[in-house]
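Chemist: pasting the structure only:
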């Protein structure tokens, strides 16, 4: 299993942007599909965005479509989440996750490894 470390969280005003990074180690990164999830206080962790290991197909939760963009750099073993036009309801701890040779994976249980999370706070 890979080890994942997120970074890039912080405090931002509504309408602003942040880019999260997730660095992977301990595996062949290019063989892993990657996902971003988030969890707000008192709520279940929810899917945000995913990118397949083969072909780089991306997919998103409806709540972030058109505002967030997931990408990966296999040479740097890193997956990114570009977040634009942030809203207070985007406030959460953001987690990246990996799945070996995954497909389109929306559910937590489908992923093999998780990072520790990074806090994103959007102030109005």
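Modeler: Ah, there it is. Keep in mind it's a predicted model, so treat the numbers as computed, not measured. Numbers count the residues shown, from 1 in each chain.
Chemist: Is residue 11 in contact with residue 118, as I believe?
Modeler: No - counting by Cβ atoms under 8 Å, residue 11 does not reach residue 118; the two are 12.0 Å apart. C-beta here means a position set from N, CA and C on the backbone, and glycine is covered the same way.
Chemist: Please say which of the two ends up with more neighbours.
Modeler: residue 118 (22 against 12; other Cβ atoms under 10 Å).
Chemist: Spatially, and excluding backbone neighbours, which residue is closest to the residue positioned nearest the centre of the chain.
Modeler: Centroid check for the chain by Cα atoms, centre = their mean gives residue 36 as the closest residue, at 2.3 Å. Spatially, and ignoring its direct neighbours in sequence, residue 36 is nearest to residue 48 (4.3 Å; Cβ to Cβ, 6 or more residues apart in numbering).
Chemist: And residue 118, by the same measure?
Modeler: Nearest residue to residue 118, sequence neighbours excluded (Cβ to Cβ, 6+ apart): residue 9, at 3.4 Å.
Chemist: What is the neighbour count of the one you found?
Modeler: 17.
Chemist: Check residue 72 too.
Modeler: When counting by other Cβ under 10 Å, one arrives at 22 neighbours for residue 72.
Chemist: which residues sit in contact with it?
Modeler: By Cβ atoms under 8 Å, 6 or more residues apart in numbering, residue 72 lies in contact with 29, 34, 51, 56, 78, 79, 80.
Chemist: What about the last one? Give its phi and psi, please.
Modeler: Backbone geometry at residue 80, expressed as degrees, to the nearest 10, gives phi -120, psi 150.
Chemist: Quick check: nearest residue in space to it, chain neighbours excluded?
Modeler: residue 71 (5.0 Å).
Chemist: for the one you found, what are its contacts?
Modeler: Taking Cβ under 8 Å, 6+ apart as the test, what residue 71 contacts is 51, 58, 79, 80, 82.
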